[in-house]
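S.K.: structure here, sequence nowhere to be found:
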């Protein structure tokens, strides 16, 4: 019965026609979120390959306007230049998309808080760009770490924009006062905090100077491993709840993404350790010693470590989606927060009314 009702809700929503402005808003939110993820990946690769100072000036590139830098020089130049300049170009596209989504929200979205969410998005992307720029101008490791920690937060914000402009948030006939949604919300809230805390500890490990005492690295690594265990249990539990049939399709799919992303992240974490520090003692009877561990910043090492960092951001973004949708359906929220929901026919009705008046 629950499965049938969920299918009915999904089919009813898919049959509705959105006004053109809101369709554009929703698609731009998706594009912004999807492009932000590879930006995080490339940014992680900049850190892993120590390419952050490949271009020592900012906002230009070796005296050129960033957009006028010769394509042949960029494409055929050194790897670190290719990565760093590409990171800047993609970040600029993200900035332009942030301006576009803010403008679309201000024009077409009737919810005042969503208009402010668009403004926060613009402020966030400007702040992140400034952090990256001053990290280059000052060649500061601490700013590089802060820059790396703010990036996943911005990605989580873009995931939230996807949710807030989605049909699942605005038009689905959500389960009323679902106790299961309340449980899911409680787990998701804790998981979001721990996933981000785990990313901060990981950034500390990645940016820790070699001059630090060895005990600092040891303690940070132990905290990272303990948090990984807690996050794994919470994410898998949350994913199991999110895939229940009574929830909307968007939430169910997010649960499946969490399942696969968490399992992939565990494999990446183990591979990261083997490639950087060698095979752990408890695995040496099963796996051979890794030759990559003696080659600092080798190809496999750089890309696996970067994938581990990027998948952590994916977990944070997907957990944010589950958090918001479960809150939307939690007891005391679904029926009491009508201002949070946008009825698609409101802008159309206002336009039609204006046309009739004229």
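M.R.: Everything's here; your move. Remember, predicted model here, so these are calculated numbers, not experimental data.
S.K.: mind listing what's buried along stretch 146-157?
M.R.: 146-149, 151-152, 154-157 (16 or more other CB atoms under 10 Å). In short, each C-beta sits where N, CA and C put it, glycine included.
S.K.: correction: the previous question concerned stretch 47-59.
M.R.: Buried, per 16+ other CB under 10 Å, within stretch 47-59: 47-49, 51-52, 54-55, 58.
S.K.: measure that stretch end to end?
M.R.: End-to-end span of stretch 47-59 (CA to CA, to the nearest Å): 19 Å.
S.K.: re earlier: which of the buried residues of stretch 146-157 lies closest to residue 196?
M.R.: Closest to residue 196 out of these is residue 152 (6.9 Å), distances taken as CB to CB.
S.K.: tell me the two of the buried residues of stretch 47-59 that are most distant?
M.R.: 48 and 58 (20.4 Å).
S.K.: surely residue 97 meets residue 29?
M.R.: No. Under the criterion of CB atoms under 8 Å, residue 97 makes no contact with residue 29, lying 9.2 Å away.
S.K.: can you list the weak-confidence ranges in the protein?
M.R.: Along the chain, segments meeting pLDDT under 70 span 1-18, 171-177, 278-297, 331-358.
S.K.: give me the residue at the spatial middle of it.
M.R.: residue 155 (3.3 Å; CA atoms, centre = their mean).
S.K.: can you name every helix or strand that the stretch of helix or strand that one belongs to contacts?
M.R.: Element membership of residue 155 [criterion: DSSP states H and E] is helix 141-164. Here helix 141-164 touches helix 20-48, helix 112-138, helix 179-207, helix 299-329, going by 3 or more CB pairs under 8 Å, 6 or more residues apart in numbering; DSSP states H and E.
S.K.: closest to residue 164 out of these?
M.R.: helix 112-138 (6.1 Å).
S.K.: still on that earlier bit, which residues does the residue nearest to the centre of the chain contact?
M.R.: 33, 36-37, 40, 313, 316-317 (CB atoms under 8 Å, 6 or more residues apart in numbering).
S.K.: can you list those in TSV and add distance to residue 240 and neighbour count?
M.R.: What follows is the contacts of residue 155, written out as TSV (distance: CB to CB, whole Å; neighbours: other CB atoms under 10 Å):
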residue	distance to residue 240	neighbour count
33	24	22
36	27	27
37	24	16
40	27	22
313	22	27
316	19	21
317	19	26
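S.K.: which single one of those is nearest to residue 233?
M.R.: So of the contacts of residue 155, ranked by how close each gets to residue 233 (CB to CB), first place is residue 316, at 16.7 Å.
S.K.: which residues does residue 271 contact?
M.R.: Contacts of residue 271 by CB under 8 Å, 6+ apart are 304, 308.
S.K.: that older thread, neighbour-wise, which of residue 97 and residue 29 wins?
M.R.: Between residue 97 and residue 29, residue 29 has the larger neighbour count (other CB atoms under 10 Å), namely 26 against 20.
S.K.: identify the residues contacting that one.
M.R.: Applying CB under 8 Å, 6+ apart, one finds that residue 29 lies in contact with 101, 158, 161-162, 164-165.
S.K.: would you mind giving those residues as JSON lines with neighbour count and distance to residue 184 added?
M.R.: Listed next are the contacts of residue 29 as JSON lines, based on neighbours: other CB atoms under 10 Å; distance: CB to CB, whole Å:
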{"residue": "101", "neighbour count": "26", "distance to residue 184": "28"}
{"residue": "158", "neighbour count": "26", "distance to residue 184": "22"}
{"residue": "161", "neighbour count": "25", "distance to residue 184": "21"}
{"residue": "162", "neighbour count": "22", "distance to residue 184": "18"}
{"residue": "164", "neighbour count": "23", "distance to residue 184": "18"}
{"residue": "165", "neighbour count": "25", "distance to residue 184": "21"}
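S.K.: ok, of those residues, which one's closest to residue 273?
M.R.: Distances from residue 273 to the contacts of residue 29, taken by CB to CB, are shortest for residue 158, at 30.2 Å.
S.K.: am I right that the closest one is in contact with residue 121?
M.R.: Yes. With contact defined as CB under 8 Å, residue 158 counts as touching residue 121 (7.4 Å).
S.K.: identify the contacts common to those two.
M.R.: With CB under 8 Å, 6+ apart, residue 158 and residue 121 have no common neighbours.
S.K.: residue 66 touches residue 91, doesn't it?
M.R.: No. Using CB under 8 Å, residue 66 makes no contact with residue 91, being 9.9 Å away.
S.K.: when these two are compared, which one has more neighbours?
M.R.: Neighbour comparison, residue 66 and residue 91: the larger count goes to residue 91, with 21 against 16 (by other CB under 10 Å).
S.K.: quick check: the more buried one touching residue 130?
M.R.: No. Assessed by CB under 8 Å, residue 91 is found out of contact with residue 130, at 11.2 Å.
S.K.: skipping its backbone neighbours, what lies nearest residue 205 in space?
M.R.: Nearest-residue entry for residue 205: residue 220, 5.2 Å, with adjacent residues in sequence omitted and distances by CB to CB, 6 or more residues apart in numbering.
S.K.: contacts only, for that neighbour.
M.R.: So residue 220 contacts 201, 204-205, 208 (CB under 8 Å, 6+ apart).
S.K.: pick the one among those residues closest to residue 268.
M.R.: residue 205 (14.4 Å).
S.K.: just put the contacts of residue 29 in TSV and tack on distance to residue 190.
M.R.: Output for the contacts of residue 29, formatted as TSV (distance: CB to CB, whole Å):
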residue	distance to residue 190
101	29
158	22
161	23
162	22
164	22
165	26
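S.K.: and of the buried residues of stretch 47-59, the nearest to residue 274?
M.R.: residue 48 (15.8 Å).
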